[in-house]
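A.B. asks: Give me a 3D structure for the following:
(chains A, B, C and D)
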2 protein chains.
Amino acid sequence: MAVTPRPYHHGNLRLALLEQAERTLADGGELSLRELARQIGVSHAAPRRHFPDKQALLDALAEDGFERLGDALRDALGKAGDDFEARMLAFARAYAGFAVDHAALLELMFAGKHRPDAAESLRQAADRAFEASLALFVEGQATGDVVAGDPERIGMVAFGTVHGLAALANSQMLDRAALDDLLAAAVERLVLGLRPR
Amino acid sequence: MAVTPRPYHHGNLRLALLEQAERTLADGGELSLRELARQIGVSHAAPRRHFPDKQALLDALAEDGFERLGDALRDALGKAGDDFEARMLAFARAYAGFAVDHAALLELMFAGKHRPDAAESLRQAADRAFEASLALFVEGQATGDVVAGDPERIGMVAFGTVHGLAALANSQMLDRAALDDLLAAAVERLVLGLRPR
DNA sequence: ACCTGAACACCGTTCAAGT
DNA sequence: ACCTGAACACCGTTCAAGT
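C.D. replies: Numbering: from 1, shown residues only, chains lettered A, B, ... in the order given. All right, here's what the predicted structure looks like:
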(Lines give C-alpha, C1' and ligand atoms only; values in the text may rest on other atoms or scores of the structure.)
Protein backbone atom coordinates (compact mmCIF):
# COMPACT_ATOMS: atom_id res chain seq x y z
CA MET A 1 0.00 0.00 0.00
CA ALA A 2 2.90 2.35 -0.58
CA VAL A 3 1.80 5.73 -1.82
CA THR A 4 2.86 5.85 -5.44
CA PRO A 5 4.81 9.06 -5.93
CA ARG A 6 3.17 11.47 -8.35
CA PRO A 7 4.97 12.00 -11.61
CA TYR A 8 6.50 15.41 -12.02
CA HIS A 9 4.34 16.23 -14.99
CA HIS A 10 0.61 16.19 -14.63
CA GLY A 11 -1.10 14.90 -17.77
CA ASN A 12 -3.37 17.81 -18.51
CA LEU A 13 -3.51 20.16 -15.59
CA ARG A 14 -5.61 22.76 -17.39
CA LEU A 15 -8.41 20.29 -18.04
CA ALA A 16 -8.08 18.73 -14.59
CA LEU A 17 -8.47 22.17 -13.00
CA LEU A 18 -11.58 22.98 -15.01
CA GLU A 19 -13.19 19.62 -14.24
CA GLN A 20 -12.40 19.84 -10.54
CA ALA A 21 -13.71 23.40 -10.47
CA GLU A 22 -16.99 22.36 -12.07
CA ARG A 23 -17.34 19.53 -9.57
CA THR A 24 -16.74 21.91 -6.66
CA LEU A 25 -19.19 24.42 -8.11
CA ALA A 26 -21.85 21.74 -8.58
CA ASP A 27 -21.34 20.63 -4.97
CA GLY A 28 -22.01 24.18 -3.82
CA GLY A 29 -18.46 24.76 -2.63
CA GLU A 30 -16.37 27.89 -2.79
CA LEU A 31 -13.75 28.03 -5.52
CA SER A 32 -10.23 28.34 -4.15
CA LEU A 33 -7.29 27.98 -6.48
CA ARG A 34 -5.17 26.55 -3.70
CA GLU A 35 -7.82 24.01 -2.75
CA LEU A 36 -8.23 22.94 -6.40
CA ALA A 37 -4.49 22.43 -6.70
CA ARG A 38 -4.50 20.44 -3.46
CA GLN A 39 -7.32 18.17 -4.67
CA ILE A 40 -5.52 17.52 -7.94
CA GLY A 41 -2.18 17.01 -6.25
CA VAL A 42 -0.05 19.82 -7.60
CA SER A 43 1.52 22.80 -5.89
CA HIS A 44 -0.59 25.90 -5.35
CA ALA A 45 1.50 27.80 -7.91
CA ALA A 46 1.10 25.22 -10.68
CA PRO A 47 -2.26 26.55 -12.00
CA ARG A 48 -0.52 29.78 -12.88
CA ARG A 49 1.03 28.14 -15.98
CA HIS A 50 -2.48 27.55 -17.36
CA PHE A 51 -4.46 30.45 -15.93
CA PRO A 52 -2.61 33.70 -15.24
CA ASP A 53 -5.00 34.46 -12.40
CA LYS A 54 -8.19 33.21 -10.80
CA GLN A 55 -10.39 35.32 -13.06
CA ALA A 56 -8.95 33.56 -16.11
CA LEU A 57 -10.12 30.23 -14.73
CA LEU A 58 -13.56 31.68 -13.94
CA ASP A 59 -13.79 33.03 -17.49
CA ALA A 60 -12.92 29.63 -18.91
CA LEU A 61 -15.65 28.06 -16.77
CA ALA A 62 -18.14 30.70 -17.89
CA GLU A 63 -17.27 30.18 -21.54
CA ASP A 64 -17.77 26.43 -21.20
CA GLY A 65 -21.06 27.14 -19.44
CA PHE A 66 -22.34 29.28 -22.30
CA GLU A 67 -21.42 26.55 -24.76
CA ARG A 68 -23.31 23.95 -22.76
CA LEU A 69 -26.27 26.28 -22.32
CA GLY A 70 -26.39 26.87 -26.08
CA ASP A 71 -26.24 23.14 -26.70
CA ALA A 72 -29.06 22.51 -24.22
CA LEU A 73 -31.25 25.17 -25.85
CA ARG A 74 -30.62 23.92 -29.39
CA ASP A 75 -31.21 20.35 -28.26
CA ALA A 76 -34.52 21.21 -26.61
CA LEU A 77 -35.71 23.17 -29.64
CA GLY A 78 -34.67 20.33 -31.91
CA LYS A 79 -37.02 17.98 -30.07
CA ALA A 80 -39.90 20.41 -29.62
CA GLY A 81 -42.04 19.95 -32.72
CA ASP A 82 -43.62 22.76 -34.73
CA ASP A 83 -46.14 24.58 -32.54
CA PHE A 84 -44.80 28.00 -31.57
CA GLU A 85 -46.08 28.01 -28.02
CA ALA A 86 -44.72 24.50 -27.49
CA ARG A 87 -41.34 25.64 -28.80
CA MET A 88 -41.38 28.69 -26.52
CA LEU A 89 -42.18 26.49 -23.55
CA ALA A 90 -39.44 24.02 -24.49
CA PHE A 91 -36.98 26.89 -24.68
CA ALA A 92 -38.10 28.29 -21.33
CA ARG A 93 -37.91 24.93 -19.60
CA ALA A 94 -34.50 24.13 -21.06
CA TYR A 95 -33.12 27.50 -19.99
CA ALA A 96 -34.61 27.34 -16.52
CA GLY A 97 -33.53 23.72 -16.12
CA PHE A 98 -29.95 24.63 -16.90
CA ALA A 99 -30.13 27.66 -14.62
CA VAL A 100 -31.45 25.69 -11.65
CA ASP A 101 -29.17 22.70 -12.19
CA HIS A 102 -26.11 24.91 -12.55
CA ALA A 103 -26.95 27.84 -10.33
CA ALA A 104 -23.39 28.66 -9.29
CA LEU A 105 -22.11 28.31 -12.84
CA LEU A 106 -24.89 30.57 -14.15
CA GLU A 107 -23.89 33.21 -11.62
CA LEU A 108 -20.34 33.05 -12.94
CA MET A 109 -21.56 33.26 -16.53
CA PHE A 110 -23.51 36.43 -15.83
CA ALA A 111 -21.13 37.90 -13.29
CA GLY A 112 -20.48 40.88 -15.51
CA LYS A 113 -17.57 42.05 -13.42
CA HIS A 114 -15.28 40.27 -15.84
CA ARG A 115 -17.10 41.56 -18.88
CA PRO A 116 -15.60 44.94 -19.78
CA ASP A 117 -12.24 43.29 -20.43
CA ALA A 118 -13.47 39.76 -21.00
CA ALA A 119 -11.93 37.55 -23.65
CA GLU A 120 -13.52 37.74 -27.07
CA SER A 121 -14.14 33.99 -26.96
CA LEU A 122 -16.30 34.39 -23.85
CA ARG A 123 -18.36 37.10 -25.49
CA GLN A 124 -18.82 34.93 -28.56
CA ALA A 125 -19.90 31.91 -26.52
CA ALA A 126 -22.52 34.08 -24.80
CA ASP A 127 -23.74 35.42 -28.14
CA ARG A 128 -23.99 31.94 -29.57
CA ALA A 129 -26.16 30.81 -26.66
CA PHE A 130 -28.39 33.82 -27.12
CA GLU A 131 -28.71 33.14 -30.85
CA ALA A 132 -30.40 29.85 -30.06
CA SER A 133 -33.32 31.84 -28.69
CA LEU A 134 -33.15 34.45 -31.43
CA ALA A 135 -33.84 31.82 -34.10
CA LEU A 136 -37.10 30.98 -32.35
CA PHE A 137 -38.51 34.44 -33.00
CA VAL A 138 -37.31 34.62 -36.56
CA GLU A 139 -39.21 31.37 -37.11
CA GLY A 140 -42.22 32.78 -35.28
CA GLN A 141 -42.32 35.80 -37.56
CA ALA A 142 -42.11 33.53 -40.62
CA THR A 143 -45.04 31.43 -39.42
CA GLY A 144 -47.08 34.48 -38.46
CA ASP A 145 -47.02 33.76 -34.73
CA VAL A 146 -44.96 36.83 -33.87
CA VAL A 147 -45.41 40.51 -34.72
CA ALA A 148 -42.97 42.18 -37.08
CA GLY A 149 -40.05 44.03 -35.58
CA ASP A 150 -36.44 43.54 -34.62
CA PRO A 151 -36.23 39.89 -33.55
CA GLU A 152 -33.25 40.71 -31.36
CA ARG A 153 -35.42 43.02 -29.25
CA ILE A 154 -38.19 40.48 -29.00
CA GLY A 155 -35.71 37.73 -28.26
CA MET A 156 -34.09 39.73 -25.49
CA VAL A 157 -37.43 40.34 -23.82
CA ALA A 158 -38.18 36.62 -23.84
CA PHE A 159 -34.64 35.76 -22.77
CA GLY A 160 -34.90 38.31 -19.97
CA THR A 161 -38.23 36.99 -18.76
CA VAL A 162 -37.01 33.42 -18.49
CA HIS A 163 -33.67 34.51 -17.04
CA GLY A 164 -35.46 36.61 -14.45
CA LEU A 165 -37.76 33.83 -13.30
CA ALA A 166 -34.82 31.42 -13.11
CA ALA A 167 -32.84 34.01 -11.14
CA LEU A 168 -35.72 34.42 -8.68
CA ALA A 169 -35.83 30.65 -8.28
CA ASN A 170 -32.09 30.54 -7.61
CA SER A 171 -32.59 33.33 -5.06
CA GLN A 172 -35.01 31.06 -3.21
CA MET A 173 -37.91 33.40 -3.92
CA LEU A 174 -39.57 30.59 -5.88
CA ASP A 175 -39.47 26.86 -5.34
CA ARG A 176 -38.93 24.52 -8.27
CA ALA A 177 -42.60 23.61 -8.61
CA ALA A 178 -43.67 27.26 -8.61
CA LEU A 179 -41.00 28.03 -11.19
CA ASP A 180 -42.33 25.50 -13.66
CA ASP A 181 -45.84 26.80 -13.18
CA LEU A 182 -44.75 30.41 -13.63
CA LEU A 183 -42.72 29.60 -16.72
CA ALA A 184 -45.83 28.15 -18.32
CA ALA A 185 -47.85 31.22 -17.31
CA ALA A 186 -45.15 33.58 -18.57
CA VAL A 187 -44.86 31.75 -21.89
CA GLU A 188 -48.62 31.79 -22.33
CA ARG A 189 -48.73 35.56 -21.73
CA LEU A 190 -45.65 36.17 -23.90
CA VAL A 191 -47.15 34.22 -26.79
CA LEU A 192 -50.37 36.18 -26.51
CA GLY A 193 -48.52 39.47 -26.25
CA LEU A 194 -46.35 38.70 -29.27
CA ARG A 195 -49.18 37.62 -31.59
CA PRO A 196 -49.88 39.99 -34.46
CA ARG A 197 -53.32 41.56 -34.13
CA MET B 1 -2.04 69.61 13.27
CA ALA B 2 -1.74 66.95 15.94
CA VAL B 3 -3.78 63.85 15.21
CA THR B 4 -6.60 63.93 17.71
CA PRO B 5 -6.66 60.58 19.49
CA ARG B 6 -9.82 58.60 18.81
CA PRO B 7 -12.11 58.12 21.78
CA TYR B 8 -12.33 54.60 23.05
CA HIS B 9 -16.01 54.36 22.32
CA HIS B 10 -17.21 54.84 18.80
CA GLY B 11 -20.56 56.59 18.69
CA ASN B 12 -22.55 54.11 16.67
CA LEU B 13 -20.28 51.54 15.12
CA ARG B 14 -23.11 49.44 13.73
CA LEU B 15 -24.49 52.31 11.69
CA ALA B 16 -21.03 53.49 10.69
CA LEU B 17 -20.22 50.01 9.37
CA LEU B 18 -23.39 49.82 7.32
CA GLU B 19 -22.88 53.29 5.85
CA GLN B 20 -19.25 52.65 5.00
CA ALA B 21 -20.20 49.30 3.47
CA GLU B 22 -22.82 50.93 1.26
CA ARG B 23 -20.33 53.54 0.17
CA THR B 24 -17.78 50.87 -0.72
CA LEU B 25 -20.42 48.86 -2.56
CA ALA B 26 -21.54 51.91 -4.53
CA ASP B 27 -17.93 52.61 -5.48
CA GLY B 28 -17.61 49.11 -6.88
CA GLY B 29 -15.19 47.93 -4.21
CA GLU B 30 -14.94 44.57 -2.53
CA LEU B 31 -16.37 44.31 0.96
CA SER B 32 -13.76 43.40 3.55
CA LEU B 33 -14.63 43.53 7.21
CA ARG B 34 -11.06 44.41 8.09
CA GLU B 35 -10.94 47.21 5.53
CA LEU B 36 -14.26 48.63 6.76
CA ALA B 37 -12.94 48.66 10.32
CA ARG B 38 -9.74 50.34 9.15
CA GLN B 39 -11.67 53.07 7.32
CA ILE B 40 -13.82 53.75 10.35
CA GLY B 41 -10.86 53.64 12.70
CA VAL B 42 -11.62 50.70 14.95
CA SER B 43 -9.83 47.41 15.40
CA HIS B 44 -10.62 44.58 13.01
CA ALA B 45 -12.36 42.65 15.77
CA ALA B 46 -14.67 45.49 16.79
CA PRO B 47 -17.39 44.77 14.19
CA ARG B 48 -17.93 41.42 15.85
CA ARG B 49 -19.90 43.07 18.68
CA HIS B 50 -22.48 44.28 16.14
CA PHE B 51 -22.38 41.56 13.48
CA PRO B 52 -21.47 38.03 14.57
CA ASP B 53 -19.94 37.36 11.17
CA LYS B 54 -19.60 38.90 7.73
CA GLN B 55 -22.82 37.32 6.47
CA ALA B 56 -24.76 39.12 9.21
CA LEU B 57 -23.54 42.46 7.88
CA LEU B 58 -24.40 41.42 4.32
CA ASP B 59 -27.88 40.42 5.45
CA ALA B 60 -28.36 43.78 7.13
CA LEU B 61 -27.31 45.53 3.92
CA ALA B 62 -29.69 43.37 1.90
CA GLU B 63 -32.56 44.09 4.25
CA ASP B 64 -31.96 47.81 3.99
CA GLY B 65 -31.78 47.41 0.21
CA PHE B 66 -35.19 45.73 0.05
CA GLU B 67 -36.67 48.49 2.16
CA ARG B 68 -35.29 51.17 -0.15
CA LEU B 69 -36.41 49.23 -3.22
CA GLY B 70 -39.93 48.97 -1.82
CA ASP B 71 -39.92 52.70 -1.09
CA ALA B 72 -38.74 53.48 -4.63
CA LEU B 73 -41.47 51.29 -6.16
CA ARG B 74 -44.23 52.74 -3.99
CA ASP B 75 -42.97 56.24 -4.67
CA ALA B 76 -42.94 55.70 -8.45
CA LEU B 77 -46.42 54.19 -8.43
CA GLY B 78 -47.69 57.06 -6.29
CA LYS B 79 -46.67 59.53 -8.97
CA ALA B 80 -47.76 57.47 -11.97
CA GLY B 81 -51.35 58.47 -12.58
CA ASP B 82 -54.19 56.07 -13.42
CA ASP B 83 -53.46 54.42 -16.76
CA PHE B 84 -52.52 50.78 -16.26
CA GLU B 85 -49.80 50.66 -18.89
CA ALA B 86 -48.30 53.89 -17.59
CA ARG B 87 -48.28 52.43 -14.08
CA MET B 88 -46.63 49.22 -15.32
CA LEU B 89 -43.98 51.25 -17.09
CA ALA B 90 -43.39 53.39 -14.02
CA PHE B 91 -42.94 50.25 -11.96
CA ALA B 92 -40.56 48.73 -14.49
CA ARG B 93 -38.46 51.88 -14.77
CA ALA B 94 -38.29 52.34 -11.00
CA TYR B 95 -37.22 48.74 -10.49
CA ALA B 96 -34.65 48.79 -13.28
CA GLY B 97 -33.37 52.18 -12.15
CA PHE B 98 -32.75 50.88 -8.67
CA ALA B 99 -31.16 47.72 -10.06
CA VAL B 100 -28.75 49.59 -12.31
CA ASP B 101 -27.91 52.28 -9.76
CA HIS B 102 -27.29 49.71 -7.03
CA ALA B 103 -26.01 46.73 -8.97
CA ALA B 104 -23.74 45.36 -6.26
CA LEU B 105 -26.39 45.83 -3.59
CA LEU B 106 -29.00 44.08 -5.75
CA GLU B 107 -26.67 41.14 -6.14
CA LEU B 108 -26.41 40.93 -2.37
CA MET B 109 -30.17 41.19 -1.98
CA PHE B 110 -30.76 38.27 -4.31
CA ALA B 111 -27.68 36.28 -3.37
CA GLY B 112 -29.82 33.46 -2.09
CA LYS B 113 -26.89 31.77 -0.45
CA HIS B 114 -27.92 33.41 2.80
CA ARG B 115 -31.57 32.62 2.33
CA PRO B 116 -32.25 29.16 3.77
CA ASP B 117 -31.28 30.37 7.23
CA ALA B 118 -31.81 34.09 6.66
CA ALA B 119 -33.30 36.28 9.33
CA GLU B 120 -37.06 36.60 9.30
CA SER B 121 -36.73 40.38 9.02
CA LEU B 122 -34.83 40.00 5.73
CA ARG B 123 -37.50 37.75 4.32
CA GLN B 124 -40.18 40.22 5.37
CA ALA B 125 -38.36 43.16 3.79
CA ALA B 126 -38.16 41.23 0.51
CA ASP B 127 -41.86 40.36 0.71
CA ARG B 128 -42.79 43.96 1.37
CA ALA B 129 -40.87 45.10 -1.71
CA PHE B 130 -42.60 42.47 -3.78
CA GLU B 131 -46.02 43.52 -2.46
CA ALA B 132 -45.54 46.91 -4.04
CA SER B 133 -45.75 45.20 -7.42
CA LEU B 134 -48.50 42.86 -6.33
CA ALA B 135 -50.85 45.76 -5.62
CA LEU B 136 -50.49 46.89 -9.21
CA PHE B 137 -52.12 43.72 -10.52
CA VAL B 138 -54.88 43.67 -7.96
CA GLU B 139 -55.71 47.18 -9.17
CA GLY B 140 -55.46 46.04 -12.78
CA GLN B 141 -57.96 43.27 -12.16
CA ALA B 142 -60.35 45.75 -10.52
CA THR B 143 -60.18 48.11 -13.49
CA GLY B 144 -60.53 45.28 -16.00
CA ASP B 145 -57.03 45.66 -17.43
CA VAL B 146 -55.84 42.28 -16.18
CA VAL B 147 -57.28 38.79 -16.54
CA ALA B 148 -58.64 37.03 -13.49
CA GLY B 149 -56.35 34.66 -11.64
CA ASP B 150 -53.95 34.58 -8.74
CA PRO B 151 -52.42 38.08 -8.68
CA GLU B 152 -49.33 36.69 -6.98
CA ARG B 153 -48.61 34.51 -10.02
CA ILE B 154 -49.16 37.38 -12.42
CA GLY B 155 -47.11 39.71 -10.25
CA MET B 156 -44.23 37.27 -10.11
CA VAL B 157 -44.14 36.98 -13.89
CA ALA B 158 -43.96 40.76 -14.25
CA PHE B 159 -41.46 41.04 -11.42
CA GLY B 160 -39.36 38.31 -13.03
CA THR B 161 -39.44 39.96 -16.44
CA VAL B 162 -38.23 43.29 -15.15
CA HIS B 163 -35.72 41.65 -12.81
CA GLY B 164 -34.37 39.59 -15.71
CA LEU B 165 -33.88 42.55 -18.02
CA ALA B 166 -32.20 44.50 -15.24
CA ALA B 167 -29.97 41.51 -14.51
CA LEU B 168 -28.96 41.28 -18.17
CA ALA B 169 -28.14 44.99 -18.12
CA ASN B 170 -26.01 44.53 -15.01
CA SER B 171 -24.26 41.64 -16.77
CA GLN B 172 -23.28 44.05 -19.54
CA MET B 173 -25.42 42.18 -22.06
CA LEU B 174 -27.49 45.35 -22.49
CA ASP B 175 -26.47 48.96 -22.27
CA ARG B 176 -28.59 51.46 -20.39
CA ALA B 177 -30.25 52.87 -23.48
CA ALA B 178 -31.18 49.41 -24.76
CA LEU B 179 -32.53 48.51 -21.33
CA ASP B 180 -34.97 51.40 -21.29
CA ASP B 181 -36.12 50.54 -24.78
CA LEU B 182 -36.56 46.86 -23.91
CA LEU B 183 -38.43 47.66 -20.70
CA ALA B 184 -40.95 49.64 -22.73
CA ALA B 185 -41.26 46.80 -25.24
CA ALA B 186 -41.62 44.20 -22.48
CA VAL B 187 -44.26 46.25 -20.67
CA GLU B 188 -46.20 46.77 -23.89
CA ARG B 189 -46.19 43.01 -24.56
CA LEU B 190 -46.99 42.19 -20.94
CA VAL B 191 -49.95 44.55 -20.90
CA LEU B 192 -51.27 43.04 -24.12
CA GLY B 193 -50.73 39.52 -22.81
CA LEU B 194 -52.49 40.23 -19.53
CA ARG B 195 -55.59 41.87 -21.01
CA PRO B 196 -58.78 39.88 -20.63
CA ARG B 197 -60.10 38.68 -24.03
C1' DA C 1 7.94 24.05 -20.90
C1' DC C 2 6.18 22.99 -16.54
C1' DC C 3 6.26 22.73 -11.80
C1' DT C 4 7.97 23.57 -6.72
C1' DG C 5 8.58 25.98 -2.30
C1' DA C 6 9.17 30.02 0.16
C1' DA C 7 7.54 34.61 0.70
C1' DC C 8 4.27 38.59 0.80
C1' DA C 9 0.22 40.92 1.75
C1' DC C 10 -4.01 40.10 2.52
C1' DC C 11 -8.56 37.68 4.54
C1' DG C 12 -12.44 36.07 8.44
C1' DT C 13 -12.73 34.35 12.93
C1' DT C 14 -11.50 33.49 17.77
C1' DC C 15 -10.23 34.76 22.35
C1' DA C 16 -7.95 36.45 26.43
C1' DA C 17 -7.40 40.82 28.12
C1' DG C 18 -8.30 45.63 28.95
C1' DT C 19 -11.52 49.80 30.36
C1' DA D 1 -21.00 46.60 27.37
C1' DC D 2 -17.63 47.51 24.05
C1' DC D 3 -13.27 47.32 22.15
C1' DT D 4 -8.10 45.82 21.52
C1' DG D 5 -4.17 42.98 20.03
C1' DA D 6 -2.25 38.71 19.19
C1' DA D 7 -3.06 34.36 17.07
C1' DC D 8 -4.81 30.86 13.72
C1' DA D 9 -5.91 29.01 9.49
C1' DC D 10 -6.78 30.32 5.40
C1' DC D 11 -6.47 33.15 0.64
C1' DG D 12 -4.29 34.96 -4.36
C1' DT D 13 -0.10 36.29 -6.36
C1' DT D 14 4.90 36.54 -7.16
C1' DC D 15 9.37 34.70 -8.02
C1' DA D 16 13.77 32.37 -7.83
C1' DA D 17 14.92 27.83 -8.39
C1' DG D 18 14.64 23.15 -9.98
C1' DT D 19 14.05 19.34 -13.84
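A.B. asks: rest of the way, CA atoms for contacts and neighbours
C.D. replies: Will do.
A.B. asks: Stretch A:182-197 close to chain B?
C.D. replies: Yes. Judged by C-alpha under 8 Å from any C-alpha of the partner chain, stretch A:182-197 and chain B are in contact via A:182, A:185-186, A:189-194.
A.B. asks: Out of those residues, list just those in helices.
C.D. replies: Cross-referencing the residues of stretch A:182-197 next to chain B against helices under DSSP state H gives A:182, A:185-186, A:189-194.
A.B. asks: before we move on, the earlier item: now render the residues of stretch A:182-197 next to chain B as JSON lines, adding pLDDT and neighbour count.
C.D. replies: Formatted as JSON lines, those follow (pLDDT from 0 to 100; neighbours: other C-alpha atoms under 10 Å in any protein chain shown):
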{"residue": "A:182", "pLDDT": "96", "neighbour count": "21"}
{"residue": "A:185", "pLDDT": "93", "neighbour count": "16"}
{"residue": "A:186", "pLDDT": "94", "neighbour count": "28"}
{"residue": "A:189", "pLDDT": "89", "neighbour count": "20"}
{"residue": "A:190", "pLDDT": "91", "neighbour count": "23"}
{"residue": "A:191", "pLDDT": "93", "neighbour count": "22"}
{"residue": "A:192", "pLDDT": "91", "neighbour count": "20"}
{"residue": "A:193", "pLDDT": "89", "neighbour count": "22"}
{"residue": "A:194", "pLDDT": "91", "neighbour count": "22"}
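A.B. asks: Farthest pair within the residues you listed?
C.D. replies: A:182 and A:194 (17.8 Å; C-alpha to C-alpha).
A.B. asks: Give me the buried positions along stretch A:68-79.
C.D. replies: A:69-70, A:72-74, A:76-77 (16 or more other C-alpha atoms under 10 Å in any protein chain shown).
A.B. asks: how far does it sit from the chain's center?
C.D. replies: 11 Å (C-alpha atoms, centre = their mean, to the nearest Å).
A.B. asks: now stretch A:168-182
C.D. replies: 17 Å.
A.B. asks: again with stretch A:106-123
C.D. replies: Its chain's C-alpha centre and that of stretch A:106-123 lie 12 Å apart, by C-alpha atoms, centre = their mean.
A.B. asks: mind checking the end-to-end distance for it?
C.D. replies: 15 Å (C-alpha to C-alpha, to the nearest Å).
A.B. asks: Could you confirm whether that stretch reaches DNA strand D?
C.D. replies: No. Stretch A:106-123 is not in contact with DNA strand D by C-alpha under 7 Å from any atom of the strand; minimum separation 12.2 Å.
A.B. asks: Give me the contact list for that stretch.
C.D. replies: A:55, A:58-63, A:65-66, A:99, B:168, B:170-172 (C-alpha atoms under 8 Å, 6 or more residues apart in numbering or on different chains).
A.B. asks: Residue numbers of chain A in contact with DNA strand D?
C.D. replies: Going by C-alpha under 7 Å from any atom of the strand, the residues of chain A near DNA strand D are A:31-35, A:44-45, A:48, A:52-55.
A.B. asks: out of the residues you listed, which are buried?
C.D. replies: Among those, the ones that count as buried (16+ other C-alpha under 10 Å) are A:33, A:35.
A.B. asks: So which of the residues of chain A next to DNA strand D reach DNA strand C?
C.D. replies: Answer for the residues of chain A next to DNA strand D near DNA strand C (C-alpha under 7 Å from any atom of the strand): A:44-45.
A.B. asks: domain parsing for chain A?
C.D. replies: Following the assignment in automatic domain parsing, chain A carries domains at A:9-52, A:61-194.
A.B. asks: How about the residue in chain A positioned nearest to DNA strand C: what's its closest non-neighbour residue?
C.D. replies: Residue of chain A nearest DNA strand C, by C-alpha to the nearest atom of the strand: residue A:43 (3.2 Å). Among residues not flanking residue A:43 along the chain, residue A:37 sits closest, at 6.1 Å (C-alpha to C-alpha, 6 or more residues apart in numbering or on different chains).
A.B. asks: Okay, now the unreliable bits of chain A?
C.D. replies: Within chain A, the ranges that satisfy pLDDT under 70 run A:1-10, A:113-116.
A.B. asks: ok, which residues in it are in contact with DNA strand C?
C.D. replies: A:8-13, A:41-47, A:49-50.
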